[in-house]
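Enquirer: just need the structure, nothing else, for what follows:
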Amino acid sequence: MTQLSFFGPSGEGVDPKPASDAVVRLPVLITVKAAPNPSEKYGETVCVAGIRADLERPGWVRLYPVNFRYLDSREKFDKYDIVHVDAIPARGGDQRRESWRPLMGSLVKERHLPPWRQRRAWLDPYVEHSMCRLNQVARSAADSQSLALVQPREVDDLKITRHDGWSREEQRKIDAYVNQLDLLADQDRTPLEAPRFRGAYRYRCWDKQCRGHEQGLLDWEFVALQRHLRHCTDEEARNELRKKFLDMMCAPKREVAFYVGNQAKRRNVFSVLGVYYPER
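Expert: Presented below is the predicted three-dimensional model:
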């Protein structure tokens with residue numbers, strides 16, 4: 001896997017956030033769909049991320065909020081789809097340069113990239129090797145790099161623990177959204193269910209002074225697999241999750257890397273948003 005960082009134009013980072021709120025048409029290769037979170041306004045929201053598919057302006061893109069449950073079939077997309085969508089720069093409390101608010105009714109799917117040769121041509125140049133550097137830079141500026149693809153030197157473990165359920169504030173958001181829906185509207189009123197387990201990767205990056213990282217796993221697929229394991233005991237379910245997200249994805253025959261992203265309000269907190277696992 002190449003060691004060139006291709007984070008932004010000429011390696012100088014993503015362009016500053018536009019001063020104007022004019023709509024921009026973004027071509028994006030989708031690489032991340034995070035697990036849904038409760039939202040009072042939308043019911044549930046998903047953070048989607050990827051890279052710009054226009055090679056003259058490379059860099060990471062975050063699309064939020066996306067209410068994936070209520071997208072129609074024309075608007076739905078998968079990881080590693082190339083899509084085109086209108087968006088405006090995210091404002092408010094989100095100073096991250098990569099963040100955009102998508103206008104989902106404008107989304108058009110162009111094509112899907114199959115594994116792994118075509119995906120590697122796009123993504124290998126983005127691979128970075130120091131999570132420690134990203135943490136350090138994130139503490140220094142609010143608009144510092146907030147998305148990356150980090151190759152670990154060694155993956156030590158996938159920690160799986162019982163989820164405590166939604167917090168009181170998260171449950172309030174869910175209840176408020178469900179209660180405001182029109183009873184006669186043809187809309188899914190099923191409340192968002194908390195996942196059964198939390199996951200967190202423990203790994204070390206290539207920084208010479210790295211003392212290890214533990215980052216929560218927020219991948220949509222990690223939660224979706226749990227839905228299919230309802231019939232399993234906790235031990236059986238944990239084993240199946242580890243088989244996929246540790247034994248398979250992080251196997252020695254794969255050049256694993258983690259899609260990582262931070263939070264707008266806690267920019268020094270990075271999580272694993274997905275796993276990149278091409279074979280060597």
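Enquirer: shaky segments in the protein?
Expert: Residue ranges of the chain with pLDDT under 70: 1-13, 181-189.
Enquirer: contacts for the lengthiest strand in it, please.
Expert: As assigned by DSSP state E, the longest strand anywhere in the chain is strand 99-112. Identification of contacts with strand 99-112 by CB atoms under 8 Å, 6 or more residues apart in numbering yields 17, 23-27, 48, 53, 61-67, 71, 74-75, 77-78, 80-90, 146, 264. C-beta coordinates here come from the backbone N, C-alpha and C atoms, glycine included.
Enquirer: all strands of the stretch 151-280 of the chain, in order?
Expert: 154-162, 197-204, 213-216, 257-262, 270-276 (DSSP state E, counting those that start in this stretch).
Enquirer: which PyMOL command selects the buried ones in the contacts of strand 99-112?
Expert: Only the buried entries of the contacts of strand 99-112 go into this PyMOL selection, using 16 or more other CB atoms under 10 Å:
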select buried, resi 17+26+27+48+53+61+62+63+64+65+66+75+77+80+81+82+83+85+86+87+89+90+146+264
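Enquirer: restricted to helices, list the contacts of strand 99-112.
Expert: The members of these all map outside helices under DSSP state H.
Enquirer: so which of the contacts of strand 99-112 are in strands?
Expert: 24-27, 48, 61-66, 81-89.
Enquirer: Lys265 and Asn67: what is the separation?
Expert: Distance of Lys265 to Asn67, given as CB to CB, to the nearest Å: 21 Å.
Enquirer: please apply the same query to Gln136.
Expert: With CB to CB as the criterion, Gln136 and Asn67 are 35 Å apart.
Enquirer: same check on Asn239?
Expert: On the measure of CB to CB, Asn239 and Asn67 end up 33 Å apart.
Enquirer: residues in contact with Leu273?
Expert: 32, 34, 47, 49, 218-219, 258-261.
Enquirer: run the last query once more with 10 Å
Expert: 31-35, 47-49, 62, 147, 149, 215-220, 258-261 (CB atoms under 10 Å, 6 or more residues apart in numbering).
Enquirer: and Arg96, which of the strands of the stretch 151-280 of the chain is closest to it?
Expert: strand 257-262 (7.7 Å; CB to CB).
Enquirer: distance from the chain centre to that closest one, please.
Expert: Here strand 257-262 shows a centroid-to-chain-centroid distance of 7 Å under the convention CA atoms, centre = their mean, to the nearest Å.
Enquirer: could you do stretch 237-248 as well?
Expert: With CA atoms, centre = their mean as the basis, stretch 237-248 stands 19 Å off its chain's centre.
Enquirer: buried sites along it?
Expert: Buried residues in stretch 237-248, counting neighbours by 16+ other CB under 10 Å, are found at 237-238, 241-242, 245-246.
Enquirer: cool, stretch 20-36 as well?
Expert: Buried-residue list, stretch 20-36, by 16+ other CB under 10 Å: 26-36.
Enquirer: now stretch 49-63
Expert: By neighbour count with 16+ other CB under 10 Å, stretch 49-63 contains the buried residues 49-53, 58-63.
Enquirer: can you give me the end-to-end distance of that stretch?
Expert: Distance between the two ends of stretch 49-63: 6 Å, counting by CA to CA, to the nearest Å.
Enquirer: likewise for stretch 226-246?
Expert: 15 Å.
Enquirer: touching, Ser146 and Arg97? I think so.
Expert: Yes: with contact defined as CB atoms under 10 Å, Ser146 counts as touching Arg97 (7.5 Å).
Enquirer: residues shared between the contacts of those two?
Expert: Counting by CB under 10 Å, 6+ apart, the common neighbours of Ser146 and Arg97 are 14, 60, 62.
Enquirer: quick one: which of those residues is nearest to Leu229?
Expert: Looking at these and their distance to Leu229, the nearest is Arg62, at 29.4 Å (CB to CB).
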